[in-house]
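K.L.:
quick one, fold the following:
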Amino acid sequence: MTKRTILITGAAGFVGHHMVEHILKNTDFNIIGIDSLSYSGSLDRLRDIQIDPFHHPRFTHMGYDFRQPAGPNLIRELASVTHVLHMGAESHVDRSIADPMSFVMANVVGTTNMLELARGLPQMELFIYFSTDEVFGPVPLDPAYPGHQETAVHSPKNPYAATKSSGEQMVTAFANTYGIPCIITRQMNIFGERQHPEKFIPKVIRSVLSGAVVPIHATPDKTQAGMRHYIHARNVADAHMFLLEKRPWIGNACGHVESYHIVGEREVDNLQLALMIERFVRDLAPASGLKVAGLCYEMVDFHSSRPGHDLRYALDGRKMKALGWQPPKNFEESLKKTVQWSLENPGWLSNP
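P.N.:
Numbers count the residues shown, from 1 in each chain. The predicted structure is shown next:
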């Protein structure tokens, strides 16, 4: 692969720092990471993987809040960038329901500002927009019901999903209007080390250790938990590097934006997942000297009281599979390693 300089937004975030680590370990690319270091971004993630944000031969950190337009001086500093991987976003559904305008600013205005920045980069080859399964809305709670294909119609059901869908429309508009080469990737529920403690898997680990009750989204009669495909962040990073190497979009008409679904190999409901986590914690906690209280959970009909919560999302992953990609690490192995790492590094269960 030709040496490149990749600009990654949200590089100090959960998925972003896994992307940084994967690229540095598996390529000779240079990376410029930008992050506003909001509640979900922390340079400690980078330090924890032995990347000094300010003294690294191939990684440079820049503080920039993309909710504000990039000035000409910043664009000049980024003149070597060949690829923009726009991962930075507000991503928590509960927060979007409580404060939708902050999601509009980050995910719609912020994406537009990044596209404007990309227009000014002299060596720009590709803009990658990191999106979500939630743009399509929910599917029935039947595992036999197929997932959405890449060309399905968007039907977002909460403010977070609506802002990510809007971001996709801006990407398509900029590609068509200004000729910026763009692709869109959509992922499902991502997990791994150093995830923000408000997310489901760290929350369940804390519950098993402390005995605190964890809510599990369920049907109105509280008999069936919501279902998700879960995928480790390093598998997501691997899929993006696969795409950059294969470049399957080459030859498409100017202005056409191809999209790709990055899907884990196994779907589980959230109660099954919580019970798996409990089993791993019980097996692994003694080695870390931690006491186990046991899982306490409550099946909660969140959707009736907060309609932005959907019980099942699903994406069709056949396009990536046909290209030759599959997750290098399986779900259960990845989950067990994440639980083990979390027990050995308990500070990340309570600190972002």
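K.L.:
now residue 24, what's its secondary structure?
P.N.:
Secondary structure assignment for residue 24 (DSSP: H, G, I helix; E, B strand; the rest coil): helix.
K.L.:
ranges for the strands of the protein?
P.N.:
5-9, 30-35, 59-63, 83-86, 126-132, 182-187, 189-191, 213-217, 227-232, 258-262, 267-269, 296-300 (DSSP state E).
K.L.:
relative to strand 59-63, how tilted is the second one?
P.N.:
Between the axes of strand 30-35 and strand 59-63, defined by axes from the mean of the first three to the mean of the last three CA atoms, to 10 degrees, the angle is 20 degrees.
K.L.:
quick one: contacts of strand 30-35?
P.N.:
3-13, 16, 20, 23-24, 41, 43, 46, 53, 58-64, 66, 78, 80-81, 88 (CB atoms under 8 Å, 6 or more residues apart in numbering). Heads up, the C-betas are built off the backbone N, CA and C, glycines and all.
K.L.:
poorly predicted segments of the stretch 101-250 of the chain, please.
P.N.:
The stretch 101-250 of the chain contains no residues with pLDDT under 70.
K.L.:
oh sorry, the question was meant for the stretch 251-352 of the chain
P.N.:
302-309, 351-352.
K.L.:
neighbours of residue 272, how many?
P.N.:
The burial count assigned to residue 272 is 12, neighbours taken as other CB atoms under 10 Å.
K.L.:
got the contact list for the nearest residue to residue 61 once chain neighbours are set aside?
P.N.:
Spatial nearest neighbour of residue 61, chain neighbours left out: residue 53 (3.8 Å); criterion: CB to CB, 6 or more residues apart in numbering. Counting by CB under 8 Å, 6+ apart, residue 53 touches 12, 33, 43, 46-47, 59, 61.
K.L.:
pull out the buried members of these.
P.N.:
Buried members of the contacts of residue 53, scored by 16 or more other CB atoms under 10 Å, are 12, 33, 43, 46, 59, 61.
K.L.:
which residues does the first one contact?
P.N.:
In other words, residue 12. Contacts here follow CB under 8 Å, 6+ apart; on that basis residue 12 touches 33, 35, 37, 41-43, 45-46, 53, 61.
K.L.:
may I see those residues arranged in a markdown table, with distance to residue 73 and pLDDT as well?
P.N.:
Output for these, formatted as a markdown table (distance: CB to CB, whole Å; pLDDT from 0 to 100):
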| residue | distance to residue 73 | pLDDT |
| --- | --- | --- |
| 33 | 18 | 97 |
| 35 | 19 | 92 |
| 37 | 20 | 84 |
| 41 | 23 | 82 |
| 42 | 26 | 87 |
| 43 | 23 | 90 |
| 45 | 27 | 93 |
| 46 | 24 | 93 |
| 53 | 20 | 89 |
| 61 | 17 | 94 |
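K.L.:
export those to CSV and tack on distance to residue 132?
P.N.:
Output for the contacts of residue 12, formatted as CSV (distance: CB to CB, whole Å):
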residue, distance to residue 132
33, 21
35, 19
37, 22
41, 18
42, 22
43, 25
45, 21
46, 24
53, 27
61, 25
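K.L.:
you'd agree residue 189 is up against residue 230?
P.N.:
Yes. Residue 189 lies in contact with residue 230 (CB atoms under 8 Å); the separation is 4.9 Å.
K.L.:
between those two, tell me which one has more neighbours.
P.N.:
Higher neighbour count among residue 189 and residue 230: residue 230, with 22 against 19, using other CB under 10 Å.
K.L.:
for that one, give its distance to residue 273.
P.N.:
Noted for residue 230: a distance of 7 Å to residue 273, by CB to CB, to the nearest Å.
K.L.:
also residue 256?
P.N.:
For residue 256, the distance to residue 273 - CB to CB - is 37 Å.
K.L.:
between those two, which is the more surrounded one?
P.N.:
Taking other CB under 10 Å, residue 256 and residue 273 do not tie; residue 273 has more neighbours (22 against 14).
K.L.:
tell me who's in contact with that one.
P.N.:
Each residue near residue 273 by CB under 8 Å, 6+ apart is listed here: 200-201, 204, 228, 230, 335.
K.L.:
need those in a markdown table (columns: distance to residue 221).
P.N.:
As requested, the contacts of residue 273 are exported to a markdown table (distance: CB to CB, whole Å):
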| residue | distance to residue 221 |
| --- | --- |
| 200 | 21 |
| 201 | 26 |
| 204 | 23 |
| 228 | 20 |
| 230 | 25 |
| 335 | 28 |
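K.L.:
buried ones among those?
P.N.:
200-201, 204, 228, 230, 335.
K.L.:
what's the closest of those to residue 239?
P.N.:
residue 230 (14.5 Å; CB to CB).
K.L.:
wait, the closest one sits on residue 265?
P.N.:
No. The pair residue 230 and residue 265 does not pass the contact test of CB under 8 Å, sitting 9.9 Å apart.
K.L.:
give me the common contacts of the two.
P.N.:
residue 331.
K.L.:
if I look at residue 77, how far off is residue 70?
P.N.:
Here residue 77 is placed at a distance of 10 Å from residue 70 (CB to CB).
K.L.:
same drill for these two, tell me which one is more crowded.
P.N.:
A direct count of neighbours by other CB under 10 Å for residue 77 and residue 70 places residue 70 higher, at 18 against 15.
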